[in-house]
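**Student:** turn this into a structure:
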Amino acid sequence: MSSPVSMRLRVNNQEREVQVSPDTPLLYVLRNDLGFKSPKFGCGLGECGACTVLVDGVAARSCVVTCAAVKDYAITTLEGLAPDGEPNKVQQAFIDHQAAQCGYCMNGMIMTVQALLLRNAHPTEEEIRNELRHNLCRCGTHMEILAAARAAAQAV
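**Tutor:** Next up is the predicted model:
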């Protein structure tokens with residue numbers, strides 16, 4: 001790892017300054033330095049989706065994205081989708097459809113659906129399934145997750 005430097009990150013519309021090695025995974029800084037608990041450490045390889053955040057509206061796996069790679073972009077965590085404490089339409093759809101069992105994958109599922117709806121407000125069933133295919137849920141709430149994603153798309 002390289003030596004720590006002062007770096008400014010824009011997270012949930014707030015500028016935050018951190019002392020961090022530029023090659024530190026964004027996930028570590030979000031959770032350990034900035035206190036955001038929504039992105040979860042799952043696999044550490046960018047394969048499960050639990051750590052997903054939005055980087056300029058695009059879903060990104062924060063366990064494999066370095067701080068240096070995102071320092072000039074807007075980073076949004078699950079907390080940033082509800083800045084006033086009120087769930088946004090995707091979060092509300094997941095609540096309404098009881099799409100969580102243990103909840104560990106929910107951050108990644110919600111952030112992935114949010115990113116999809118930002119670029120395609122009316123996705124087809126196939127597009128929703130394709131978007132979520134690399135997000136893992138070990139509890140098996142896939143049907144509820146798909147129902148929530150469809151409902152969020154209809155709420156546009």
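
**Student:** for Val58, what are its contacts?
**Tutor:** Going by CB atoms under 8 Å, 6 or more residues apart in numbering, Val58 touches Ala115. For the C-beta atoms, the positions are set from N, CA and C on the backbone; glycine is no exception.

**Student:** who does it bridge with?
**Tutor:** Val55 (DSSP bridges).

**Student:** got a pLDDT number for it?
**Tutor:** pLDDT, Val58: 98.

**Student:** can you check Gln91 too?
**Tutor:** So Gln91 comes in at 97 (pLDDT).

**Student:** distance from the host helix or strand of it to the middle of the chain?
**Tutor:** Element membership of Gln91, judged by DSSP states H and E, is helix 89-96. On the basis of CA atoms, centre = their mean, to the nearest Å, helix 89-96 sits 15 Å off its chain's mean C-alpha point.

**Student:** that helix: what's the following helix or strand?
**Tutor:** helix 106-119.

**Student:** let me know the angle separating that following helix from helix 89-96.
**Tutor:** Angle, helix 106-119 to helix 89-96, by axes from the mean of the first three to the mean of the last three CA atoms, to 10 degrees: 140 degrees.

**Student:** how about the helix or strand following helix 106-119 as CSV, C-alpha atoms only?
**Tutor:** Sequence order places helix 125-132 as the next helix or strand after helix 106-119, per DSSP H and E. Extracted in CSV, the C-alpha atoms of helix 125-132 (Å, rounded to 0.1, in the frame of the first residue of the first chain):
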residue,chain,number,x,y,z
GLU,A,125,-38.6,-8.1,-16.6
GLU,A,126,-35.6,-9.5,-18.6
GLU,A,127,-33.6,-6.3,-18.0
ILE,A,128,-34.4,-6.4,-14.3
ARG,A,129,-33.3,-10.0,-14.0
ASN,A,130,-30.2,-9.4,-16.1
GLU,A,131,-29.2,-6.4,-13.9
LEU,A,132,-29.6,-8.4,-10.7
